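A.B. asks: Test case, fold it:
(one chain, ligands or ions: 1)
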Amino acid sequence: MSLHRVPLGEDLPTGGLRRLVVAGRAVCVVRTDDGRLFAIDDQCSHEEESLSEGQLLGCEIECPWHFGRFDVTTGKAAALPAMEPIRTYPVSADGDDLLVDVPEE
Ligand code: FES
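C.D. replies: All right, here's what the predicted structure looks like:
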């Protein structure tokens, strides 16, 4: 476990996405419409586009480049051309901060 405290800055609304750098890794933090937080790799597994530039559709994030999709709860690819999963990280809110468990590499 490698827990990192990251200031969230302004609030992340439901349906919102935010790119953060945690332990040198670009992470996309998501707040789904039901208020749950998820953290995934920001880089699409298809051709390396930033997923935080995409769109959240329920529990799926749609890549802005070729519209591949990933399930933010599992990291699994949910729509072509995305096929490989992306990493997910445990995340929770602590006041105005996030606690994100990103392993050191
Ligand atoms: S770069 Fe994301 S689907 Fe192609």
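
A.B. asks: Now do the same for the closest residue to R25 other than its chain neighbours: its pLDDT.
C.D. replies: Nearest residue to R25 in three dimensions, chain neighbours excluded: V102, at 5.6 Å (Cβ to Cβ, 6 or more residues apart in numbering). C-beta coordinates here come from the backbone N, C-alpha and C atoms, glycine included. Looking at V102, its pLDDT reads 94.

A.B. asks: Show the contacting residues for V102.
C.D. replies: For V102, the contact set (Cβ atoms under 8 Å, 6 or more residues apart in numbering) comprises S2, H4, V22, A23, R25, V27, A39, Y89.

A.B. asks: now with 6 Å?
C.D. replies: H4, V22, A23, R25, Y89 (Cβ atoms under 6 Å, 6 or more residues apart in numbering).

A.B. asks: now do T74
C.D. replies: T74 touches nothing, counting by Cβ under 6 Å, 6+ apart.

A.B. asks: Can you tell me the element it falls in?
C.D. replies: Assessed by DSSP states H and E, T74 sits outside every helix and strand.

A.B. asks: Tell me the one among the contacts of V102 nearest to the ligand.
C.D. replies: R25 (17.7 Å; Cβ to the nearest ligand atom).

A.B. asks: give me the beta-bridge partners of that closest one?
C.D. replies: Applying DSSP bridges to R25 yields these beta-bridge partners: V22.

A.B. asks: Around the ligand, pick out the residues from this structure.
C.D. replies: By Cβ under 6 Å from any ligand atom, the residues of the chain that approach the ligand are C44, H46, E47, E49, C63, W65, H66, G68, P81, A82.

A.B. asks: Could I get those in CSV, plus columns for secondary structure?
C.D. replies: Listed next are the residues of the chain next to the ligand as CSV, based on DSSP: H, G, I helix; E, B strand; the rest coil:
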residue, secondary structure
C44, coil
H46, coil
E47, coil
E49, coil
C63, coil
W65, coil
H66, coil
G68, coil
P81, coil
A82, coil
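
A.B. asks: That's all I had, so thanks and see you.
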